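Asks: give me a 3D structure for the following:
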Amino acid sequence: MRRTWSRRLRPLGVAAAIALGSLVPVASTVGTAAAASSSTVWLCRPGMADDPCTASLRTTSYGAQGPAQTLDPKDAAHPKIDCFYVYPTVSTQKAVNADLAVQPAETNAALSQASRFSQDCNVYAPIYRQISLSALNGFGHVTQADVTEAYDSVRSAFMDYLAHDNDGRGIVFIGYSQGADVLVQLLQREVDDRPAMRRLLVSTILLGADVTVPTGRIVGGDFHHIPACTSSTETGCVVAYSSFDRPPPKNSVFGRVGDGVDPRYGQGPDPNLQVLCVNPASPGGGAADLEPYFRYGNAAAPWITYPDLYRAQCMTQNGATWLQVTSIAGPGDTRPIVKQTIGPAWGLHLFDVNIALGNLVSLVGRESAAYVHSHG
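Replies: Coordinates of the predicted model:
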C-alpha cells in the first residue's frame, strides 16, 4: 500500500510542540547555510561554514558506578558513503509550510540527531518546506497541496545532491517523524522501483513513521523491493521502529497500521499489514542493550551517554508492533530514565532517535563497510 497522505501529520498539542521544537536542550547556534547550484539551502553539507553535522562529538559517559569517562570520537577523515538526513517537525514559523530560513530549531535537530553519523559518512541535510508545528496544532488548514509542497522541496534537494555531490557513493537515508514520512515517499518514487538507484542504497533509517510490511514478512507494504534489515552487515534495507516503555494503548499514535489517518485520503486500518520494527541493537531479533546519546548544552563536552541503562526488543501485541525499551537500572542507580513526555499514546516518540543513537551510528558503520566491500 503506497501512502497518499502524510501519516504523521496530526495535531501535536502544546506539550509536543514545545518538546519537538527543542528536542533536548542545546545551545541555539545557527550554522551558515550553503546554497548549491540550484535553489537548495543546505543545513548540513560537507565544506560549509559552521556545519552543525560536523560539530564536536565529545561525550561524558556516566556508568552506574565509578567515575565519569570522557569520550572524544572524531568525524571520519574520508567517508566512502553519504548520509541524507531529513529532520522532524520542528519549525516554529506561523505559516503552514515553513520557508527555507535556517533557524535554531532546525540546527538543533541536526546537532541532536544527525551529527554523530559524521563518524561514518558525509552528512547532507536540506532545509525543506515542512508542515510547521503551528499548522499541525490547528493554527492553519493543512491541505494535500501543502504536504506535496513539503515533499517536493525535499525531492528537489535530493536531485540537486545527486547531480552535484553524490559522485556514485552509497547513501544512507535518515529521517524521523515528518522527516521519515517524507523520505518514505521519496524512496517509493525515486529508489524502490529503480534498480540503478537501489544499487546506491546502503540502508535507510526511518523512525517514528510507521513503515508497513505484510504481516509476518520483511518486504512489501510501503516498499516493493527494500526489505527490513535482518543483520548488522546487510545493505539495501530499512531500519524502522517507534519506541514505547510499555505496551501501546489502543489509541496509540504509533505502532498501528492506519490508525488516526485522515479518511479523506483513503487510508485506514489494513488487517493484512503490520508496522515494521527492526531493533537497531539486534537487527536479527531478540533483546539487546541500547546506547543512548543526548545533547545537554555543555560546550566542553556537549554529549552525554548512559551505558547499560536500557535494553530493547521488538514486540507485537494487540494489533501493535513497537520497540519495547526497558530500564535495566539496578539498585542505587540514580541516572535519569526517559519518560512518556507527551503521554501514553505517543510513547517515547520524542526519544526515538537518541535512545538508540549509538546503536544506529554503529550499525551504519558496519553497513558502510559491507557496502564498500561488496561494491568496490
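
Asks: report pLDDT for P11.
Replies: What the model reports as pLDDT for P11 is 49.

Asks: how about the one 4 residues further on?
Replies: Among the per-residue scores, A15 holds a pLDDT of 38.

Asks: what comes into contact with the host helix or strand of V184?
Replies: Using DSSP states H and E, V184 sits in helix 178-187. The list of residues contacting helix 178-187 from outside it, by C-beta atoms under 8 Å, 6 or more residues apart in numbering, reads 3, 6-9, 85-89, 128, 130-131, 150-151, 154-155, 158, 173-175, 204, 206-209, 211, 222-223, 226, 240. Placement of C-beta: from N, CA and C, glycine included.

Asks: only alpha carbons, please: show it as PDB.
Replies: C-alpha atoms of helix 178-187 as PDB (Å, rounded to 0.1, in the frame of the first residue of the first chain):
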ATOM      1  CA  GLN A 178       7.700  14.100   9.500                       C
ATOM      2  CA  GLY A 179      11.200  13.700   8.000                       C
ATOM      3  CA  ALA A 180      10.900   9.900   7.900                       C
ATOM      4  CA  ASP A 181       7.500  10.200   6.300                       C
ATOM      5  CA  VAL A 182       8.800  12.400   3.600                       C
ATOM      6  CA  LEU A 183      11.600  10.000   3.000                       C
ATOM      7  CA  VAL A 184       9.200   7.100   2.600                       C
ATOM      8  CA  GLN A 185       7.600   8.900  -0.300                       C
ATOM      9  CA  LEU A 186      11.000   9.800  -1.800                       C
ATOM     10  CA  LEU A 187      12.200   6.200  -1.600                       C
END
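
Asks: next secondary structure element downstream of it?
Replies: helix 195-198.

Asks: I'd say L111 and A55 touch.
Replies: Yes. If you go by C-beta atoms under 8 Å, L111 and A55 touch, sitting 5.8 Å apart.

Asks: which neighbours do those two share?
Replies: P302.

Asks: R116 and L357, how far apart?
Replies: According to C-beta to C-beta, to the nearest Å, R116 and L357 sit 6 Å apart.

Asks: quick one: the strands in the stretch 201-350 of the chain?
Replies: Remark: strands assigned in the stretch 201-350 of the chain by DSSP state E, counting those that start in this stretch are 201-207, 212-214, 237-241, 243-244, 273-275, 288-289, 293-295, 303-305, 310-317, 320-327.

Asks: format the ones you listed as TSV; extra columns: mean pLDDT and distance to V372.
Replies: Formatted as TSV, the strands of the stretch 201-350 of the chain follow (pLDDT from 0 to 100; distance: least, C-beta to C-beta, whole Å):
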stretch	mean pLDDT	distance to V372
strand 201-207	98	9
strand 212-214	96	28
strand 237-241	98	16
strand 243-244	98	30
strand 273-275	95	31
strand 288-289	98	25
strand 293-295	97	25
strand 303-305	98	27
strand 310-317	98	28
strand 320-327	97	28
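
Asks: got TSV for those strands, with mean neighbour count and distance to L348 too?
Replies: Formatted as TSV, those follow (neighbours: other C-beta atoms under 10 Å; distance: least, C-beta to C-beta, whole Å):
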stretch	mean neighbour count	distance to L348
strand 201-207	26	11
strand 212-214	20	20
strand 237-241	25	10
strand 243-244	25	4
strand 273-275	22	15
strand 288-289	17	16
strand 293-295	23	13
strand 303-305	22	17
strand 310-317	18	10
strand 320-327	22	6
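
Asks: want to throw the ones you listed into JSON lines with distance to N122?
Replies: Listed next are these as JSON lines, based on distance: least, C-beta to C-beta, whole Å:
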{"stretch": "strand 201-207", "distance to N122": "12"}
{"stretch": "strand 212-214", "distance to N122": "30"}
{"stretch": "strand 237-241", "distance to N122": "20"}
{"stretch": "strand 243-244", "distance to N122": "28"}
{"stretch": "strand 273-275", "distance to N122": "31"}
{"stretch": "strand 288-289", "distance to N122": "28"}
{"stretch": "strand 293-295", "distance to N122": "20"}
{"stretch": "strand 303-305", "distance to N122": "20"}
{"stretch": "strand 310-317", "distance to N122": "29"}
{"stretch": "strand 320-327", "distance to N122": "28"}
